[in-house]
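Undergrad: Fold the following and give me the result.
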Amino acid sequence: QVQLVESGGGLVQAGGSLGLSCAASGRNFNFYAVAWFRQAPGKEREFVAAIKWNGNRRDYADPMKGRFTISRDNAKNLVYLQMNSLKPEDTAVYYCAAGTLASGASYYIPTNYDYWGQGTQVTVSS
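TA: Numbers count the residues shown, from 1 in each chain. Alright, predicted model coming up:
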């Protein structure tokens, strides 16, 4: 069992930056892939970024490429999402998720993840 807690959300002006953290507790977290998803009001949950258990693969949704960076520190059971050049359309609740994805499984599909945090609100004002 893994518990995930997100932090770092808040209100920021367009063009600004925020750093989110996902703190994990539980066994074998170091062996889980971790992803960030987000969900805006009235919209489906969408993939943001993911990182393999050992950090040597990172995927980003196209709108986030060049602006967001995902990283992890397995010694501290933490995963980070650094968000730069934020836009009003980035406003959403951001969730981290962890899972032992099978070989070839898509990082982009929420149902491939076993554990979810409660989310943290990010609001970008124009």
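Undergrad: tell me the phi and psi of the most centrally placed residue in the chain?
TA: The residue lying closest to the centre of the chain (Cα atoms, centre = their mean) is residue 36, at 1.9 Å. The phi and psi values for residue 36, taken as degrees, to the nearest 10, are phi -110, psi 130.
Undergrad: and it, what does it touch?
TA: 20, 22, 48, 49, 50, 70, 79, 81, 94, 95, 96, 97 (Cβ atoms under 8 Å, 6 or more residues apart in numbering). No exception for glycine: its C-beta is placed from N, CA and C like everyone else's.
Undergrad: Am I right that the last one falls within a strand?
TA: In this case it means residue 97. Yes: per DSSP: H, G, I helix; E, B strand; the rest coil, residue 97 lies within a strand segment.
Undergrad: if I look at it, how far off is residue 87?
TA: Residue 97 sits 23 Å away from residue 87, taking Cβ to Cβ, to the nearest Å as the criterion.
Undergrad: what does the first one give?
TA: With the distance defined as Cβ to Cβ, residue 20 ends up 16 Å from residue 87.
Undergrad: Mind checking which of those two has more residues around it?
TA: residue 20 (23 against 13; other Cβ atoms under 10 Å).
Undergrad: The more buried one pairs with what?
TA: Counting by DSSP bridges, residue 20 is bridged to residue 81.
Undergrad: That one touches residue 5, doesn't it?
TA: No: assessed by Cβ atoms under 8 Å, residue 20 is found out of contact with residue 5, at 11.1 Å.
Undergrad: Overlap in contacts, these two.
TA: Joint contacts of residue 20 and residue 5 (Cβ under 8 Å, 6+ apart) do not exist.
Undergrad: Just give the number of residues close to residue 61.
TA: 16.
Undergrad: So that it lines up with my notes, have the first residue be 27 from now on.
TA: Shifting the count to begin at 27 puts that one at residue 87.
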